[in-house]
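**Student:** quick one, structure for this:
(one chain, ligands or ions: 1)
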Amino acid sequence: MKLGIVGLPNVGKSTLFNAITKAGAEAANYPFCTIEPNVGVVTVPDKRLEVLTDIYKAKKTIYTTIEFCDIAGLVKGASRGEGLGNKFLGHIREVSAIVHVVRCFENDNIVHVNGHIDPLDDIDTINTELIFADLEVLERAIAKLNKNMKTDKTLSKQIALLEKVKEWLETGKCARAIDLEDDERKIIATMDLLTYKPVIYVANVSEDEIASEDNEHVVRVAEFAATEGAGCVKICAEIEAEMADLEDEERELFLEDLGIFESGLDKLIKASYSLLNLISYLTAGEPEVRAWTITKGTKAPQAAGKIHTDFEKGFIRAETIAYDKLIECGGSLGKAREQGLIRSEGKEYVVQDGDVIHFLFNV
Ligand code: GDP
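**Tutor:** All right, here's what the predicted structure looks like:
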């Protein structure tokens with residue numbers, strides 16, 4: 001899974017990205033400082049893996065990961081090739097979801113490209129560029145369909161749908177916010193529209209505001225996000241960057257001191273999981289304890305296919321126990337088996353978050 005970080009210059013993207021990768025992408029107080037898209041990989045925190053590692057005395061613990069791609073340079077006019085131009089729109093096309101960082105912190109020393117803090121205006125500036133790019137895609141698609149209509153009359157419904165989305169975009173709203181029927185959604189999903197991608201708005205606040213009630217900027221961002229069915233997470237990028245250098249224990253103390261219990265990055269990862277409908281199932285044994293990411297609703301054979309295609313092809317059944325049940329048995333599979341808690345699931349089984357699974361398969 002790859003998330004793309006976008007936002008106007010000077011909103012805190014590089015600071016957040018540095019926190020994510022500790023890779024040292026340049027953070028400086030002027031626009032256009034980060035040019036090439038950078039990629040950082042973070043592990044998805046999962047306390048269950050730590051517990052299972054202890055129980056199984058596992059040699060390795062393997063977390064799932066999320067990739068963050070820093071897509072700087074998206075400014076007003078990008079869809080017309082201004083700023084760092086159109087190629088950034090191409091980078092956005094490749095990600096599964098967008099992390100849109102919005103400045104909600106006041107600081108007179110840090111230049112705001114528009115001269116004042118107005119998160120909704122900022123969001124609109126970026127979204128407008130993406131909308132322009134989507135309009136181009138739709139116009140091309142409609143023209144092509146109209147041409148093919150001459151020989152295939154069944155295309156008129158599809159053309160009407162694309163026209164409807166186009167008109168919606170022309171009102172300045174993103175495609176993800178439009179009300180569509182399920183079958184319409186399926187068609188629009190194939191169009192690769194930038195404004196149809198899931199988004200998490202990251203409201204970047206100052207250090208002294210992270211533990212207090214949301215300021216008016218954050219409230220407005222959250223309200224706007226809700227209108228689009230988008231996610232919204234309040235963070236302080238500076239704090240994230242400071243925390244990135246700390247060891248786990250130090251980090252927990254640091255968070256406690258601030259009066260918060262979860263880092264912004266962890267909140268962001270959780271929000272992306274939920275926005276993208278992702279869950280994890282687990283495999284556990286002495287060689288390794290590991291989490292695997294799947295989409296909610298994935299059936300056992302396809303979940304097995306995440307481990308190896310042979311597991312999917314030769315799938316026989318999945319010996320499954322919910323993580324909580326396994327812990328209730330003190331982590332003993334023997335005890336769980338005695339109590340009949342290990343289920344043998346077939347190919348129609350829909351894998352649940354936290355299932356600890358052992359797959360049986362033919363080779
Ligand atoms: P980018 O252009 O969006 O990548 O923004 P940067 O990450 O380079 O940040 C621009 C400036 O804002 C830098 O001077 C940062 O130190 C500062 N900044 C970023 N995040 C925060 C924050 O959470 N609080 C405060 N007070 N300053 C921040």
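**Student:** which parts of the stretch 101-250 of the chain sit against the ligand?
**Tutor:** 105, 107, 110, 204, 206, 236-238 (CB under 6 Å from any ligand atom). No exception for glycine: its C-beta is placed from N, CA and C like everyone else's.
**Student:** most widely separated two among these?
**Tutor:** Ile110 and Cys236 (13.8 Å; CB to CB).
**Student:** looking at those two, which is more packed in?
**Tutor:** Cys236 (26 against 13; other CB atoms under 10 Å).
**Student:** shaky segments in the stretch 201-350 of the chain?
**Tutor:** Of all residues in the stretch 201-350 of the chain, none has pLDDT under 70.
**Student:** tell me where it has helices.
**Tutor:** Taking DSSP state H, counting those that start in this stretch, the helices of the stretch 201-350 of the chain run over residues 216-228, 237-243, 248-258, 264-275, 300-307, 309-313, 323-328, 333-338.
**Student:** in TSV, list these along with mean neighbour count.
**Tutor:** Listed next are those as TSV, based on neighbours: other CB atoms under 10 Å:
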stretch	mean neighbour count
helix 216-228	17
helix 237-243	21
helix 248-258	12
helix 264-275	19
helix 300-307	21
helix 309-313	15
helix 323-328	17
helix 333-338	14
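**Student:** can I get those helices in a markdown table including distance to Ala19?
**Tutor:** Below are the helices of the stretch 201-350 of the chain laid out as a markdown table (distance: least, CB to CB, whole Å):
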| stretch | distance to Ala19 |
| --- | --- |
| helix 216-228 | 19 |
| helix 237-243 | 4 |
| helix 248-258 | 12 |
| helix 264-275 | 6 |
| helix 300-307 | 29 |
| helix 309-313 | 36 |
| helix 323-328 | 29 |
| helix 333-338 | 39 |
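**Student:** for Thr65, find the nearest of the ones you listed.
**Tutor:** Evaluated with CB to CB, those place helix 264-275 nearest to Thr65, the distance being 9.9 Å.
**Student:** just checking, Ile71 touches Arg93?
**Tutor:** No. Contact criterion CB atoms under 8 Å: Ile71 and Arg93 do not qualify, at 10.4 Å.
**Student:** please say which of the two ends up with more neighbours.
**Tutor:** Shown here are Ile71 and Arg93; by other CB under 10 Å, Ile71 has more neighbours (27 against 14).
**Student:** and that one, what is it in contact with?
**Tutor:** 4-6, 37, 88, 91-92, 95 (CB atoms under 8 Å, 6 or more residues apart in numbering).
**Student:** ok, now Leu333?
**Tutor:** 321, 326, 342.
**Student:** which of those come close to the ligand?
**Tutor:** Among the contacts of Leu333, none lies close to the ligand by the criterion of CB under 6 Å from any ligand atom.
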